[in-house]
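Engineer: Next one to model:
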Amino acid sequence: MRAILVILRFFLRRAAGRLALGTLLLVATLAAGAGLFAVSGWLIAGSALAGLGLIVFDTFRPSAGIRFFAVGRTVARYAERLASHDATLRVLAALRVAVFRGLAASPGPAQPGGRMLGRLSGDVDALDGLTIRLAAPAVATLVAGAAGLVLLGAVSVPLALAVFVPALLGGLLVPVVLGLRATRDARRKLAALDAVRLRLADLDRGRTDLALAGRLGEKVAAVGDAATRAAVAERRLARREAVIRAAGLLGGQGAIAAAALVGAGLLAAGAISGPLFVAVVIGAFAAIELVGPLRAGALDLGRTAVAARRLAPLVEVGERAAGTVTPAPAAGTAAASLHFENVDFRWADDRPAILENFSGVVPAGRRIALVGPSGVGKSTLLALAAGLARPDAGRVSLGGAGIAAPGRSESGAAIGLLTQSTRLFRGTIADNLRLAAPEAADDDLLAACRTAGFAPVLERLPAGLATGLGDGGSGLSGGERRRLALARLILARPALWLVDEPTEGLDAVAAAAVLAGLDAAIGSATALIVTHRPEDAAIADEIWTLGTDGRVAGVRPGGRELAGAGRR
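Structural biologist: Numbers count the residues shown, from 1 in each chain. The predicted model follows:
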């Protein structure tokens, strides 16, 4: 429930006026519907009794009332939809921004892109009904119900209670309780659907290998198991939905029956007239319409609660980060020493520690190559030095200053990271380069490309720097993308270079070009290079071998150090 309140507060801060207007219009819609029922009953009964000669009845006032309520209900409903959906769409746009800001401000790595994007998109879409189908109908039902209770109470308190108690029990209390109890089933359904999507994707990518290994049937069965779990949860939700609908129907019918029974007693006692009695009984039909919008929202309460629980922490982080501008790191800062002091780290509480009491110093202006078996913490050290992860204990610092944010130390020194998976974006080559230096001139871009060995690629492209790239840099080969990313990092001129497997997956020619450009670009800056290739270690001063205990097991001279000794 706290998560739903967090999202509601966010909604109210963004569009309180529009949401309030939509709620008032919904109250007007419900009131007009109830009035239309009641006045229609009054007109029917009065006309019938007048036709029998029992009473004298003025048909003009109820006829005018019917026209007023009918037109008013139509106009109010249209205006309510317009105001409510306008407010909701505006708030959802702001919610997406807040969620993304929360993701950007949250430490640690994100989930795999496709899975995270699909889940977050689904969660945001699920919250579109929080105000339209839940919060606004709840407020409108209470306000309109209270007004109806007062009006009927003015006629007879027992009559008012007889009409509204069954309507609220069946149409409000039971749906809300069952909706909250459906949260677990909604969570199970979503988890099962996530498993279906992931297993289907794995099955599609690896069907050849699975078939050759004789495991294809097993993986197909795993997809079926996940689909079965989703179907079971869906059936449980459907049963709850049927109970909610039945409760609303019984509550409405109970209100009508109670109005007829109690009203008949009042009519027999002479407390109310015949037309008023019929108006009350037919008006009780409005009780079904009164709680109808809320009943529809209760059916989605479980899904909404799950989405709110997953998004609320990101929204809170994003709200705290709003308005804070992270200064850009200072390019060209002098080389500084990198210190790891008694660092402990694990990626999750339920996973083993990667580093325990790790200490090490990369002196200013030195290049260290990290080697060792997979899983000993090489890439983890890069993530800690880049500020993409925070140590559980100990401290990581650059030139005595802590890591303030990804890519920046507390002193403002720039930290550059070149990963195995190059991140390029849709746009021109110049656009991708200027991510590191927005004010850079074309000559600066070309100089960085020459240093990175990317100039020959530009020379064969007719549009040069204006060449457009597709999603992820499509249009370039793997080696070309790596060299373009290196050119972008050269423009940033970081004080600390962090490089993860710079030539992994490249052919000999492309690897040599990237390595030569990297050697020239680092210059006198401090560098930490993760690699398993001897060629990459040739540009390092020292080679650290990490052991399986997450500590430095050995230090030996790198190719750069040996070359210097040979010259001496």
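Engineer: low-scoring stretches of the chain, by residue?
Structural biologist: 1, 54-56, 104-119, 171, 287-299, 302, 320-334, 550, 559-568 (pLDDT under 70).
Engineer: Check which helix or strand the residue positioned nearest the centre of it maps to.
Structural biologist: Centroid-nearest residue in the chain, with CA atoms, centre = their mean: L120, separated by 3.3 Å. Assigned by DSSP states H and E, L120 falls within helix 113-126.
Engineer: In stretch 397-411, which residues are buried?
Structural biologist: S397, L398, G399, I403, A404, P406, G407, R408, S409, S411 (16 or more other CB atoms under 10 Å). Glycine gets a C-beta too; all of them are placed from N, C-alpha and C.
Engineer: which is the next helix or strand following the helix holding L120?
Structural biologist: Using DSSP H and E, the next helix or strand after helix 113-126 towards the C-terminus is helix 129.
Engineer: any idea which helix or strand comes after that next one?
Structural biologist: Next along the chain after helix 129, with elements defined by DSSP H and E, is helix 136-155.
Engineer: now for that next one, which elements pack on it?
Structural biologist: For helix 136-155, the packing partners by 3 or more CB pairs under 8 Å, 6 or more residues apart in numbering; DSSP states H and E come out as helix 2-51, helix 157-168, helix 274-284, helix 286-299.
Engineer: can you tell which of these is closest to T428?
Structural biologist: Nearest to T428 among the helices and strands packed on helix 136-155 is helix 2-51 (34.8 Å), distances taken as CB to CB.
Engineer: Whichever helix or strand comes after the closest one packs against which elements?
Structural biologist: Going down the chain from helix 2-51, the next helix or strand is helix 60-105, by DSSP H and E. Counting contacts by 3+ CB pairs under 8 Å, 6+ apart, helix 60-105 packs against helix 2-51, helix 113-126, helix 301-321.
Engineer: export these to a markdown table and tack on distance to L461?
Structural biologist: Putting the helices and strands packed on helix 60-105 into a markdown table (distance: least, CB to CB, whole Å) gives the following:
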| stretch | distance to L461 |
| --- | --- |
| helix 2-51 | 45 |
| helix 113-126 | 28 |
| helix 301-321 | 39 |
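Engineer: Measure how buried the closest residue to P62 other than its chain neighbours is and give me the count.
Structural biologist: Of all residues not flanking P62 in the chain, L43 sits nearest, at 3.8 Å (CB to CB, 6 or more residues apart in numbering). As a burial measure, L43 scores 21 neighbours (other CB atoms under 10 Å).
Engineer: for R235, helix, strand, or coil?
Structural biologist: The three-state label given to R235 by DSSP: H, G, I helix; E, B strand; the rest coil is helix.
Engineer: so what's it up against?
Structural biologist: Residues near R235 by CB atoms under 8 Å, 6 or more residues apart in numbering: none.
Engineer: hmm, back to that, cross the buried residues of stretch 397-411 against strands and list the overlap.
Structural biologist: The strands, defined by DSSP state E, take in S397, L398, I403, A404, R408, S409 from those.
Engineer: from the residues you listed, which single one is nearest L12?
Structural biologist: Comparing these against L12 with CB to CB places A404 closest, at 33.2 Å.
Engineer: Now that that closest one has come up, it's in contact with A414, right?
Structural biologist: No. In this structure A404 lies outside contact range of A414 using CB atoms under 8 Å: 11.6 Å.
Engineer: Looking at the helices and strands packed on helix 136-155, spot the one closest to A221.
Structural biologist: A221 lies closest to helix 286-299 among the helices and strands packed on helix 136-155, at 32.4 Å (CB to CB).
Engineer: What ranges does the stretch 301-450 of the chain have for its helices?
Structural biologist: 301-321, 378-386, 429-433, 442-452 (DSSP state H, counting those that start in this stretch).
Engineer: quick one, which of these is packed in tightest?
Structural biologist: helix 378-386 (a mean of 23; mean count of other CB atoms under 10 Å).
Engineer: Which secondary structure elements does that helix sit against?
Structural biologist: When contacts are defined as 3+ CB pairs under 8 Å, 6+ apart, helix 378-386 packs onto strand 338-345, strand 355-362, strand 367-371, strand 393-398, strand 401-405, strand 415-418, strand 496-500, strand 526-530.
Engineer: Let me have these in CSV, extended by distance to A146.
Structural biologist: Listed next are the helices and strands packed on helix 378-386 as CSV, based on distance: least, CB to CB, whole Å:
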stretch, distance to A146
strand 338-345, 57
strand 355-362, 61
strand 367-371, 69
strand 393-398, 57
strand 401-405, 51
strand 415-418, 60
strand 496-500, 63
strand 526-530, 67
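Engineer: just so I know, which of those strands lies nearest P166?
Structural biologist: Across these, closest to P166 is strand 401-405 (CB to CB), at 58.8 Å.
Engineer: relative to strand 338-345, how tilted is the closest one?
Structural biologist: 60 degrees (axes from the mean of the first three to the mean of the last three CA atoms, to 10 degrees).
Engineer: Run a quick neighbour tally on L178.
Structural biologist: Neighbours around L178, by other CB under 10 Å: 19.
Engineer: thought it was touching R240?
Structural biologist: Yes. Counting by CB under 8 Å, L178 does reach R240; the two are 5.2 Å apart.
Engineer: Please tell me how far I44 sits from A50.
Structural biologist: With distances taken as CB to CB, to the nearest Å, I44 is found 11 Å from A50.
Engineer: circling back to that earlier point, quick one: which of the helices and strands packed on helix 378-386 is nearest G387?
Structural biologist: Once the helices and strands packed on helix 378-386 are compared by CB to CB, strand 401-405 is nearest, at 4.1 Å.
Engineer: contacting residues around that closest one?
Structural biologist: Against strand 401-405 from outside (CB under 8 Å, 6+ apart): 326, 384-387, 395-397, 409-411, 413, 415.
Engineer: Now for the residues you listed: which two are most distant?
Structural biologist: Across the contacts of strand 401-405 (CB to CB), the longest gap, 20.5 Å, separates T326 and R395.
Engineer: Hmm, F100 and V317 touching each other?
Structural biologist: No. Using CB under 8 Å as the test, V317 is too far from F100 to be in contact (10.9 Å).
Engineer: what does stretch 534-551 rub up against?
Structural biologist: Residues outside stretch 534-551 that contact it (CB under 8 Å, 6+ apart) are 353-356, 358, 360, 366-373, 376-378, 501-503, 511-512, 515, 518-519, 522, 527, 529, 531, 552-561.
Engineer: Count residues in the vicinity of P137, would you?
Structural biologist: 25.
Engineer: Return the distance of it relative to S84.
Structural biologist: Using CB to CB, P137 is found at 10 Å from S84.
Engineer: hey, what's in contact with both of those two?
Structural biologist: With CB under 8 Å, 6+ apart as the test, P137 and S84 both reach L26.
Engineer: which one of the helices and strands packed on helix 60-105 lies closest to V71?
Structural biologist: Here helix 2-51 is closest among the helices and strands packed on helix 60-105 (CB to CB), at 8.7 Å.
Engineer: closest to I272 among the buried residues of stretch 397-411?
Structural biologist: Nearest member of the buried residues of stretch 397-411 to I272, counting by CB to CB, is P406, at 73.2 Å.
Engineer: need the contact list for the closest one.
Structural biologist: A386, G387, L388.
Engineer: Please apply the same query to V499.
Structural biologist: Residues near V499 by CB under 8 Å, 6+ apart: L417, L418, L518, A527, L528, I529, V530, T531.
Engineer: Nearest residue to the third one in space, please, no chain neighbours.
Structural biologist: The one in question is L518. Take L518 and drop its neighbours on the chain: the residue closest to it by CB to CB, 6+ apart is P502, 5.7 Å away.
Engineer: Quickly find the element holding L506.
Structural biologist: Counting by DSSP H and E, L506 is part of no helix or strand.
Engineer: Name the nearest residue to it, sequence neighbours excluded.
Structural biologist: G479 (4.8 Å).
Engineer: mind checking how far the one you found is from F425?
Structural biologist: Distance from G479 to F425, by CB to CB: 19 Å.
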